[in-house]
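> coords please:
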Amino acid sequence: MQHLGAEPCSPQPGRLTEGPVWDTRRQELLWVDIPEGLVHRAALAHERARPDLTPLATLRFDRPVGAVLPCASGALLAVAGTSFLRLEEDRPVAEAVEVAAPALPDDGRPRRMNDAAVDPAGRLLAGTMAYDESPGAGALYRLDAAGLVTLLGSVTISNGLGWSPDGTRLYYADSPTGRVDVFAYDPLTGALSDRRPFAVLDRGVPDGLTVDSEGRVWVAVWGGGEVLAFTPEGALHARVEVPASHVTSCAFAGPDLDVLVITTATEGLDEPRRAAEPHAGRLFVCRPGATGLPQPPYADR
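Residues are numbered from 1 along each chain as shown. Next up, the predicted model:
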């Protein structure tokens, strides 16, 4: 098993940085700070021995942003609050347009969208959670040209999403279960079937995840200070140590998709722990000797 380390990047730390995604069209990294409603853009200095990120711009929404994804048209799709907002390229946030919103249960529990990802065919999958993390109060949805449908109910904290290189497997984390599950995924229809456990964590809980070109699954471990990589068979392949306990997500970035970018959080840390983790909330980078899969854009045209 490989033992690796990650180094902090230049952008200032955030409260709950999440959802890194490499925008191939712009050759930029996108990520969010969920409770602050922020979408960040940065350039990656990938040619250095130690890669770094140079902040380019920040968009501020009027609600929490669980994730942001590039669209085929050049627009951005923000999974924000309890809806999906489309923002045309280089337009102000005030001009973002709601394209869909799930019909949430009328049970008095406030909810928000959480992690999201685009499948190889350009469909968006995104999940919800209750602010108080009530068991079973969340769901997983699919958004495509046909509209919005519910794929899974009774989810607690809908989190990491990623597909195998051939698109026939979906990896998914409902964080409090302490494991990553795998589904059979129909690339033609986006239908799910045959859910089973893929990897069980021995500490912390699974948060965001990404899949590399060899089909290995890289899982951010909230409360564990690490990213774990598993082979397609579920065996532990690598451990990336991160000097921040709340690791939230990861993605491969750069022209060669060979830089692993890792997001972290200060959310949930008490003052003594924050003092002991001065880099908590920052983005980190690592060259793990693996390459990622290209990020498909959301098919909005």
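> all helices of the stretch 151-300 of the chain, in order?
In the stretch 151-300 of the chain, the segments counted as helices under DSSP state H, counting those that start in this stretch are 271-276.
> all strands for it, in order.
158-163, 169-174, 179-185, 192-200, 205-211, 217-222, 226-230, 236-241, 247-253, 259-264, 283-286 (DSSP state E, counting those that start in this stretch).
> Can you redo those as a markdown table, where the extra columns are mean neighbour count and distance to Pro64?
Quick note: C-beta positions are derived from backbone N, CA and C, even for glycine. Below are these laid out as a markdown table (neighbours: other CB atoms under 10 Å; distance: least, CB to CB, whole Å):
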| stretch | mean neighbour count | distance to Pro64 |
| --- | --- | --- |
| strand 158-163 | 26 | 14 |
| strand 169-174 | 25 | 19 |
| strand 179-185 | 19 | 24 |
| strand 192-200 | 14 | 26 |
| strand 205-211 | 27 | 16 |
| strand 217-222 | 27 | 17 |
| strand 226-230 | 24 | 24 |
| strand 236-241 | 18 | 27 |
| strand 247-253 | 28 | 14 |
| strand 259-264 | 28 | 15 |
| strand 283-286 | 23 | 19 |
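> need the ones you listed in CSV with mean pLDDT and distance to Ala121, can you?
Formatted as CSV, those follow (pLDDT from 0 to 100; distance: least, CB to CB, whole Å):
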stretch, mean pLDDT, distance to Ala121
strand 158-163, 98, 10
strand 169-174, 98, 12
strand 179-185, 98, 10
strand 192-200, 98, 14
strand 205-211, 98, 16
strand 217-222, 98, 20
strand 226-230, 98, 24
strand 236-241, 98, 27
strand 247-253, 98, 19
strand 259-264, 98, 25
strand 283-286, 97, 29
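> what's stretch 133-149 in contact with?
Stretch 133-149 is contacted by residues 84, 99-102, 105, 107, 109, 111, 114, 122-130, 150-158, 172, 174, 176, 190, 299 when judged by CB atoms under 8 Å, 6 or more residues apart in numbering.
> ok, the residue sitting nearest the centre point of the chain - contacts?
Nearest to the mean C-alpha position of the chain, by CA atoms, centre = their mean, lies Gly19 at 3.4 Å. By CB under 8 Å, 6+ apart, the residues touching Gly19 are 30-32, 66-68, 115-116, 208, 249, 263.
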